[in-house]
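Student: Here's my sequence, what's the structure:
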Amino acid sequence: MLPIFEALMREQHLSRAAERLNMSQPAVSNALKRLRLEFEDDLFVRTARGLKPTQRAFDLHDRIQPALVSILDGFEDRGFEAETFSRTITIAMNHAVEYLWSGALLQAIRAQAPMAKLKVHPDYSDDIPNQLKAGHLSYAVDYNLLPEDQFSSIALAHEKLTLICSADHPKANSGFDIADFETLPQASLLRRSEWIRSKNSRRHTPLEYLMGEELPNRNVVVQVASFLSIPSIVASTDLIAVVPQQLADPLLQTGALCAHDLPFECPDVVLHLFWHKSRNRDPSHIWLLDLLKDRARVAFGAMPERQ
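Tutor: From the prediction side, this is the model:
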């Protein structure tokens, strides 16, 4: 019954869970009745949109899912074939990475595994480590680091940060010094702490994360939820901003923007792909990891050589 419970938690819909399991809807409904008796709880409440898990169901899933993944992995046919792979690949990433990467990634996945599905989640959730551990997320892309004793990772890409301004900005040709950076009005990304409440390291913009206390003062006059809107805002105003180079490239090519080096030393943003260690022996993960790395090279360019 536990795989049925897992499917109901993922789909939160009786008929979709039955389809996922290749079972009849009455068989899944009967299994749900047995689960309710076993755990002495409704587990799922019917709504207009399907089934809403109770708090007891969420608690059970957090405890059961990691063990269920390990058990199913033990019985899984080791002769993995991408053509028959039909799972949903769930990845958390920020809007900029989604914009640059998800199209090429989906194209590659569908070319090799036409039955697979891709679901992209936002990266500002406070509970991403636990979602990876519980199996709600397959992967997460982030510039923050996760504990090495629980999670495996690879570096996907290095993103260079650049200072942008409109082409008709008074300093467009001369560039910016540190005094300009500290005083001129800026557009910036909304800090993660505006989205989430708990106290952890996932609270900063990339620039704040990289520079820490060494970040110069800034005159931030507008904050937005996504990097994607900043280049167009800067192109039509007297604001400056710090963004990943690739996001500025389209407007740089049209001549609407100018780009300059930052007036201080700043390392590149290193994007890491994280997954829970329980996935390491899953043959689908081994296949998918190669695909993810290949598509990252297409989207972000080759990783720089180690110095």
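Student: okay, CA-based contacts and neighbour counts for the rest of this
Tutor: Will do.
Student: Report the buried residues of stretch 33-51.
Tutor: By 16 or more other C-alpha atoms under 10 Å, the buried positions in stretch 33-51 come out as 35, 42-44, 51.
Student: list the contacts for the residue nearest to L271 when sequence neighbours are not counted?
Tutor: In space, and not counting its chain neighbours, L271 is closest to Y143: 4.8 Å by C-alpha to C-alpha, 6 or more residues apart in numbering. Taking C-alpha atoms under 8 Å, 6 or more residues apart in numbering, we find Y143 in contact with 206, 269-272.
Student: Show me how far stretch 38-57 is from its chain's centre.
Tutor: 28 Å (C-alpha atoms, centre = their mean, to the nearest Å).
Student: how long is it from one end to the other?
Tutor: End-to-end distance for stretch 38-57, by C-alpha to C-alpha, to the nearest Å: 12 Å.
Student: ok, and what's touching that stretch?
Tutor: Under the contact criterion C-alpha under 8 Å, 6+ apart, stretch 38-57 has outside partners 9, 12-14, 36.
Student: before we move on, back to that, next, give phi and psi for the residue nearest to L271.
Tutor: Per-residue torsions, Y143: phi -100, psi -10 (degrees, to the nearest 10).
Student: and if you look at the one 3 residues further on?
Tutor: Backbone dihedrals for L146, given as degrees, to the nearest 10, come out at phi -110, psi 160.
Student: any weak-confidence spans in the stretch 101-250 of the chain?
Tutor: 126, 192-203 (pLDDT under 70).
Student: mind listing the strands for it?
Tutor: Using DSSP state E, counting those that start in this stretch, the strands of the stretch 101-250 of the chain run over 117-121, 139-142, 151-159, 161-166, 185-189, 219-224, 240-244.
Student: any chance of those in JSON lines, with distance to D290 and mean neighbour count too?
Tutor: Listed next are those as JSON lines, based on distance: least, C-alpha to C-alpha, whole Å; neighbours: other C-alpha atoms under 10 Å:
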{"stretch": "strand 117-121", "distance to D290": "16", "mean neighbour count": "16"}
{"stretch": "strand 139-142", "distance to D290": "14", "mean neighbour count": "24"}
{"stretch": "strand 151-159", "distance to D290": "11", "mean neighbour count": "18"}
{"stretch": "strand 161-166", "distance to D290": "27", "mean neighbour count": "25"}
{"stretch": "strand 185-189", "distance to D290": "31", "mean neighbour count": "22"}
{"stretch": "strand 219-224", "distance to D290": "34", "mean neighbour count": "14"}
{"stretch": "strand 240-244", "distance to D290": "25", "mean neighbour count": "24"}
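Student: what separates A259 from F176, distance-wise?
Tutor: According to C-alpha to C-alpha, A259 and F176 sit 10 Å apart.
Student: who touches stretch 134-142?
Tutor: 61-63, 65-66, 69, 89-94, 123, 128, 131-132, 271-276.
Student: 7 Å instead?
Tutor: The contact list for stretch 134-142 (C-alpha atoms under 7 Å, 6 or more residues apart in numbering) reads 62, 65-66, 89-93, 131-132, 271-275.
Student: Compare A259 and F176 and say which one has the larger neighbour count.
Tutor: A259 (22 against 19; other C-alpha atoms under 10 Å).
Student: what sits against the closest residue to the more buried one other than its chain neighbours?
Tutor: Leaving aside its sequence neighbours, A259 sits nearest to I164 (C-alpha to C-alpha, 6+ apart; 4.5 Å). Contacts here follow C-alpha under 7 Å, 6+ apart; on that basis I164 touches 240-242, 257-260.
Student: of all those residues, which comes closest to A116?
Tutor: V242 (36.6 Å; C-alpha to C-alpha).
Student: The closest one bridge partners, please.
Tutor: For V242, the beta-bridge partners are L163 (DSSP bridges).
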